[in-house]
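Enquirer: Show me how the following folds:
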Amino acid sequence: MSSKIEAMILSPDCQYYHPYFYSHPWALRCELGRGDTSEAYYAAARQRAEAIYSILFPHGADAMIFNYWVYDWSDSGEAQAGEYADPEEHVAYRVEKEACSLRFLLSSMMKYRHVSVKKLKTCLEPDDPDFDDVRRDRIVCYADGAGFDDKGLLWAQIESENNSEVSLVSFENECILSVYDDRGCDVVFADPEHMRAFYPLLRPYFLEYDLKEMARRYAEAGGS
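Expert: Sure, this is the predicted structure:
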């Protein structure tokens, strides 16, 4: 395996989930949504996401990764209906959310060669009541020359339509593009060399709030 980023996403030691920028040393953060109206804001989010994608993936993504969250519902306990204004509406919402995740998982695994990295650490702490009931698997799907619906995946992330937190991966440029919602995206690099190379190309899209930290990382990577 020649790609560092591929080795990273296949490793159970890589705990890849939000916030990506603060969890990885060679990461950059870009702003997406801008504008005074909702229409302008989402149009800018799409345009900027596609521009960033074009910089990082000139030949298309090599892989996509996403989390599949499994929750054990078979708990012992008291009736919970009284906790909700409309229990049936709550049940329908949870079932639909689970169904969407399962549909995306099965559809992806039927279409693409894939690897499942199982039983990863979750974002829950041991004192959380749900700690023992939640499991996270990372699914790595390979394009193998056929490609993905890359724009569709980006738009789904922008509009928060995908529960699986999809990210696109380039083995060529050793990076992961993770759009977290309409506000922005993180680009995680496997090494300082690639971060340094793409820093000036992505700079027009940087999130102003994190400029100081990104400049520090760039300097540490040998940039000037």
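Enquirer: which residues make contact with the lengthiest helix in the chain from outside it?
Expert: What stands out as the longest helix in the chain, according to DSSP state H, is helix 87-111. Outside helix 87-111, the residues that touch it by C-beta atoms under 8 Å, 6 or more residues apart in numbering are 64, 66, 68-69, 71, 80-81, 84, 114, 139, 141, 162-164. For every residue, glycine as well, the C-beta is placed using N, CA and C.
Enquirer: Asp210 should be in a helix, yeah?
Expert: Yes - counting by DSSP: H, G, I helix; E, B strand; the rest coil, Asp210 is located in a helix.
Enquirer: Need phi/psi at Gly33.
Expert: Torsion angles at Gly33 (phi, psi; degrees, to the nearest 10) stand at phi -60, psi 130.
Enquirer: now the helices for the protein?
Expert: Counting by DSSP H, the helices of the chain are 4-9, 20-23, 38-56, 87-111, 150-158, 192-202, 211-220.
Enquirer: nearest to Leu124, of those?
Expert: helix 20-23 (15.7 Å; C-beta to C-beta).
Enquirer: can I get the CA coordinates of that closest one in PDB?
Expert: Provided in PDB are the C-alpha atoms of helix 20-23 (Å, rounded to 0.1, in the frame of the first residue of the first chain):
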ATOM      1  CA  TYR A  20     -11.600  16.900  11.900                       C
ATOM      2  CA  PHE A  21      -9.600  20.200  11.800                       C
ATOM      3  CA  TYR A  22      -8.900  20.100  15.600                       C
ATOM      4  CA  SER A  23      -8.200  16.400  15.600                       C
END
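Enquirer: Would you mark the buried spots in that helix?
Expert: Within helix 20-23, the residues that count as buried by 16 or more other C-beta atoms under 10 Å are 20-21.
Enquirer: Show me which of the contacts of helix 87-111 are buried.
Expert: Buried among the contacts of helix 87-111 by 16+ other C-beta under 10 Å: 64, 66, 68-69, 114, 139, 141, 162-164.
Enquirer: Could you dump the residues you listed into JSON lines and include pLDDT and distance to Asp75?
Expert: Output for the buried ones among the contacts of helix 87-111, formatted as JSON lines (pLDDT from 0 to 100; distance: C-beta to C-beta, whole Å):
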{"residue": "Met64", "pLDDT": "96", "distance to Asp75": "33"}
{"residue": "Phe66", "pLDDT": "94", "distance to Asp75": "26"}
{"residue": "Tyr68", "pLDDT": "92", "distance to Asp75": "21"}
{"residue": "Trp69", "pLDDT": "88", "distance to Asp75": "16"}
{"residue": "His114", "pLDDT": "97", "distance to Asp75": "31"}
{"residue": "Ile139", "pLDDT": "96", "distance to Asp75": "26"}
{"residue": "Cys141", "pLDDT": "97", "distance to Asp75": "32"}
{"residue": "Asn162", "pLDDT": "74", "distance to Asp75": "27"}
{"residue": "Asn163", "pLDDT": "70", "distance to Asp75": "21"}
{"residue": "Ser164", "pLDDT": "73", "distance to Asp75": "24"}
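Enquirer: can you tell me which of those are in strands?
Expert: 64, 66, 68-69, 114, 139, 141 (DSSP state E).
Enquirer: Verify the stated contact: Pro12 with Val117.
Expert: Yes - using C-beta atoms under 8 Å, Pro12 is in contact with Val117, at 5.5 Å.
Enquirer: Give me the more crowded residue out of these two.
Expert: Val117 (18 against 11; other C-beta atoms under 10 Å).
Enquirer: OK, contacts around the more buried one?
Expert: 9-12, 137-140.
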